[in-house]
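Asks: what follows is a predicted structure for the sequence shown.
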Amino acid sequence: MDAVGELSWGARCAGLAFFGISLCVAALGVVLLLLRRWPWCGCHVCRAYLTGSWRRDFTNVGDWYAHLLRRSPTGTVHVHVLGCTVTANPANVEYMLKTRFDNFPKGKPFAALLGDLLGNGIFNVDGEAWRHQRKMASLELGSVAVRSYAYKIVAEEVETRLMPVLADAADGGTVLDLQDVFRRFAFDTICKISFGLDPSCLDREMPVSELADAFDTASRLSAMRGAAASPLLWRMKRLLNIGSERELKKAIKLIDGLAAAMIRERQKLGVANSHDLLSRFMASSRDARGAVDDKFLRDIVVSFFLAGRDTVSSALTTLFMLLSKNPDVAAAMRAEAGAGEKPVTYEHLKRLHYTHAVLYENMRLFPPVQFDSKFCAAADVLPDGTYVKGDARVMYHPYAMGRMPHIWGTEKDAFRPERWLTGHGGTFVPESLYRYPVFQAGLRVCLGKELAVTEMKAVSVAVVRAFDVEVVGENGRSGGAGGPRFVPGLTASISGGLPVKIKRI
């Protein structure tokens, strides 16, 4: 055998040896995990989670958590195999998000789970890095110029793209996946508002976006990391570049490339006098030499994309699923908005209290972000008496909280927008954010909340004034407790989409 062949043979042997050793280490880790946590943890919660037996009685893991939390006297449970405390107790939520904010950061374990996707963006950092980005985002999103710019984009997208697509479906009698339509709408809108660029995903040809597809994949696989019984499992798969971690790596590589291209395009167009958020971040983030860190900008792009596309499209999808089941609510929205073909103005939208209540009631039952995790920096005791050890994960669960009788009464499962209205004429009155943490609360409360609600109002009013939307098939029909089935991910997405038929009023 010549020298080259010997080297090649040696390399293959070394590679096989490394692979074998890695598998042995992974197997040992799994064995140690099981010995440490199960079956020595004989509680029914851990066994149901590990075996998946909860699926016999519940559509989604969120429904199972809601069941467990309703049965708990404190509204708090432990899932030992995850090393996690889960709560639906408003006092605990306020304690974590306000009273002891500094003791319940995102934490390094969370940053590791989502670090490959979110990097050092605002949703994945703590401390000074978070405060700096928060301050910048607050200044920009609070700007009258930015809000006016954003609303003009939303109104234009609704009138020139969304409504024609729905009209075509109505005239052609075709079945439309409304979830896909809203995701395309939200993607176009957030790209225009945040980056000053137009991907045109809601053009009538419905072009496919590589960035959107890659982000969906990365979101789903990143969420799977958090559901694993031990971080060792996904860390070993990442080390070996196999399975879901290999797929995740490919998706993030594509996201990085497309984000870089987006940043270059924005730089080429120039940032002077531009109102899009990326341009404003570029202008305010230059160092002494006038340069901006491309990695910082990449993380900003991904953060805006997550915040602006997935949450809005999720809420709009479940809203029209519920309106299909409750045509009287759609009729009341239509009556409040008034007749006419002209788009409603921003000032008109602000006066639509019933529509506002409908949006909040929808998100009570189907929050776009169904749960949020923190890590307890130092051992602490929650207001309900639950002890949490240092470095333990603590999860508050908006999806479950929307189903708690001690918060919403015996009609917790009913879609009843009137619960948000009070006084003569039915004025919208918000609930405490700690009882309704759909937009988070405390120091991390969502900065884009007003923009998101305005966007959802503009879409919902335009659609109900012109069309009836009917869900077809069984997907999403149940609407209330128990359905629909959601895909694992960072935000709620209905498995199989939401097929509908559109009819003109």
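Replies: That came through fine. The model shown is predicted, which means the values in this text are computed figures rather than measured ones.

Asks: flag the shaky bits of the stretch 251-400 of the chain, pLDDT-wise.
Replies: 285-291 (pLDDT under 70).

Asks: where along it do the strands fall?
Replies: For the stretch 251-400 of the chain, the strands defined by DSSP state E, counting those that start in this stretch cover 372-375, 380-381, 387-388, 393-396.

Asks: any idea which of those is most buried?
Replies: strand 393-396 (a mean of 22; mean count of other C-beta atoms under 10 Å). Placement of C-beta: from N, CA and C, glycine included.

Asks: tell me the gap between that strand and the middle of its chain.
Replies: 16 Å (C-alpha atoms, centre = their mean, to the nearest Å).

Asks: just stretch 84-91 next, same as before
Replies: 19 Å.

Asks: contact partners of it?
Replies: Outside stretch 84-91, the residues that touch it by C-beta atoms under 8 Å, 6 or more residues apart in numbering are 65-66, 68-69, 74-79, 93, 371, 373, 382-384, 386, 388, 392-397, 400-401, 404, 407, 432, 434-435.

Asks: now, which of these lie within helices?
Replies: The helices, defined by DSSP state H, take in 65-66, 68-69, 93, 400-401, 407 from the contacts of stretch 84-91.

Asks: Throw these into a markdown table and include neighbour count, thanks.
Replies: Compiled in a markdown table, the ones in helices among the contacts of stretch 84-91 are given as follows (neighbours: other C-beta atoms under 10 Å):
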| residue | neighbour count |
| --- | --- |
| 65 | 24 |
| 66 | 22 |
| 68 | 22 |
| 69 | 21 |
| 93 | 28 |
| 400 | 26 |
| 401 | 28 |
| 407 | 18 |
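
Asks: of all those residues, which two lie farthest apart?
Replies: 68 and 93 (16.8 Å; C-beta to C-beta).

Asks: return the member of the ones in helices among the contacts of stretch 84-91 nearest to residue 280.
Replies: Nearest to residue 280 among the ones in helices among the contacts of stretch 84-91, with distances taken as C-beta to C-beta, is residue 93, at 32.2 Å.

Asks: and the closest one, how far from residue 397?
Replies: 9 Å (C-beta to C-beta, to the nearest Å).

Asks: I'd like the ones in helices among the contacts of stretch 84-91 as CSV, with distance to residue 449 appended.
Replies: Formatted as CSV, the ones in helices among the contacts of stretch 84-91 follow (distance: C-beta to C-beta, whole Å):
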residue, distance to residue 449
65, 25
66, 24
68, 29
69, 25
93, 17
400, 21
401, 17
407, 20
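
Asks: quick check, nearest of those to residue 279?
Replies: residue 93 (35.9 Å).

Asks: in the stretch 401-505 of the chain, mark out all the strands, start to finish.
Replies: Using DSSP E, counting those that start in this stretch, strands in the stretch 401-505 of the chain cover 421-422, 427-428, 467-471, 486-487, 493-494, 499-504.

Asks: for the fifth one, the distance to its chain's centre please.
Replies: When distances are taken as C-alpha atoms, centre = their mean, strand 493-494 is centred 11 Å away from the chain's centroid.

Asks: tell me what that strand is packed against?
Replies: With contacts taken as 3 or more C-beta pairs under 8 Å, 6 or more residues apart in numbering; DSSP states H and E, strand 493-494 sits against helix 311-325, strand 486-487.

Asks: show me the contacts for residue 461.
Replies: If you count contacts by C-beta under 8 Å, 6+ apart, residue 461 has them with 333, 337, 344, 349, 352, 355.

Asks: kind regards, and thank you for your time.
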